[in-house]
Each structure stands twice: as C-alpha cells, then as structure tokens.
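>>> This is a predicted model, with the sequence first.
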Amino acid sequence: MKIPRIIQKSGLVMTLLATLASCSLQLNENQQNPSKTKRNMIPSQTLLEQTIGDVEKDLGITFSSPIKISQDNGLTYPHYENGTIHYPINDQTQDLDSYQVIRHELGHAYVDQIRPRESESTPLAINGKGLNLQEFTKLTPYKDTIDRIIEEGIGEYFEKGVTENGKPLNEFEDNLGTANPYKLGFSLVDPLIDAFGPEAIRYLLHNKPITACSIGDLISYQQEALSQLNY
Ligand SMILES: [Zn+2]
C-alpha cells in the first residue's frame, strides 16, 4: 500500500475538476518559509557531498553519476548543467542560502539522470524565483512551459524536502503567464513525490500532460498521475 498520505494531501484536488479554458493564469506571491535558518556556507565540494548525502537520505534516492560544483565567475546565477553545479559568488548570490540552493540544483541533476536534457544552452536561474512564468521564460527560453513547471517543481521539492506541503493547485488563479513556476511546480509535484518518491519523478518526466495551458489541465494531470501511480 502506498497511498495514505496522498489521500490526505490531495483531497481538495481530487474533488475539483476545473474546466478553465484560457492559457494564462494569475498568481504572484512571494512567501518564504520563515522556519528555515539561512546558511551562507561556501559552496564547496565538501558542502555538495554533504548535501547530496542529506538529499539521498531525505528522498530515498541515489545519484548514479558524480556531481561537481564550480565557483565560476563568468555566470550570474547558480545553475546545473552537464554534471556540474555552477555557483558563482557575486552580488546576486552572496545572500542566498547555499545549502538550499544546492539542494534545488540537485533536483535538476536528478532530472538530468532520469531524463537527460536536450541540448540547452541557457541556464535556469535560481533567482528567477521572484519572477512569473512569462518573465522567467524570457530569462531562460527554449523549454516548454510544462517542462519548466515540472522541473522547477522537482527542484523545489528537493530544496524543501518531504515535509513541506504545496498549496493545492485549485487555489492558483487560472493565468499561467503570471504564475510563479517554482510555486506552481512544487504544488504540482509535491503530493505525487510525497506518496510515490522516485517512481513519481520518473512518471513526471516521462508522461507530460497532453495539454497544459490552464490550472484545470494541471489538476486533471495530477489526478491522472495519482491514479496511474497507484495502479
Ligand atoms: Zn531551478
């Protein structure tokens, strides 16, 4: 049996079948979890190894290939690419919690191990967290909307861990363009990964929604994923 927690968490979602037509959705909020203590540690290989250990333990996963960290100076934002977390030290990154950032980027590393990225030259920006999807897409083009939402959702899940519940999808306003892809993505993937762990991550990466232009589409997709994974 692998369902109990999911039933609790997705009760609202399970009862709602929104039929929302527009391809734009409205949401812009900026809450941080105040219970987390900020840790401005040097983003070193040692910190990376410790963080990998924490994430593997928390999520019950294993990284199958080595990951490095590099403090390159030529880039603005931390991002993951081809086995390396690039973590520049500059004005934009000095106030970030490096442990949390690394956890998030490890989500992208895990995605890469499950489903290697197509060639993608533009890094995903960690400080895109304050942006809505339209702004974020300008910053990091070349990806489908749903890929962004799912991948940033997984990144957020790795960062937050299994204990933090996402906002139910039906509480998002139906304007995808103004939604925050990190918060929306987290709400999409959170109940699935909570209940089914790495199996849910594989499902998310190999079964994209056929349509994903409204919150209603995402709710339907989440419900379908829950029933498929529970089968
Ligand atoms: Zn990310």
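Sure thing, it's come through.
>>> Not counting residues beside it along the chain, what's closest to the residue of the chain at minimum distance from the ion?
Distances between the chain and the ion by Cβ to the ion are smallest at Gly155, namely 3.9 Å. No exception for glycine: its C-beta is placed from N, CA and C like everyone else's. Sequence neighbours aside, Gly107 is the residue nearest to Gly155 in space, at 3.6 Å (criterion: Cβ to Cβ, 6 or more residues apart in numbering).
>>> quick one on the thing from earlier: need the contact list for the residue of the chain closest to the ion.
Residues in contact with Gly155 (Cβ atoms under 8 Å, 6 or more residues apart in numbering) are 104-105, 107-108, 111, 124, 182, 185.
>>> Closest to Ile201 out of those residues?
Nearest to Ile201 out of those is Val111 (Cβ to Cβ; 7.6 Å).
>>> buried ones in the strand or helix carrying the closest one?
Val111 belongs to helix 98-114 when assigned by DSSP states H and E. For helix 98-114, the buried set under the neighbour-count rule, 16 or more other Cβ atoms under 10 Å, comprises 98-113.
>>> same question, stretch 168-184
Applying 16+ other Cβ under 10 Å to stretch 168-184 flags 168-170, 172, 174-177, 179-184 as buried.
>>> May I see these organised as a markdown table, with pLDDT and secondary structure added?
Shown next, in a markdown table, are the buried residues of stretch 168-184 (pLDDT from 0 to 100; DSSP: H, G, I helix; E, B strand; the rest coil):
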| residue | pLDDT | secondary structure |
| --- | --- | --- |
| Pro168 | 95 | coil |
| Leu169 | 95 | helix |
| Asn170 | 94 | helix |
| Phe172 | 94 | coil |
| Asp174 | 88 | coil |
| Asn175 | 89 | coil |
| Leu176 | 88 | helix |
| Gly177 | 87 | helix |
| Ala179 | 91 | coil |
| Asn180 | 93 | coil |
| Pro181 | 93 | helix |
| Tyr182 | 95 | helix |
| Lys183 | 95 | helix |
| Leu184 | 95 | helix |
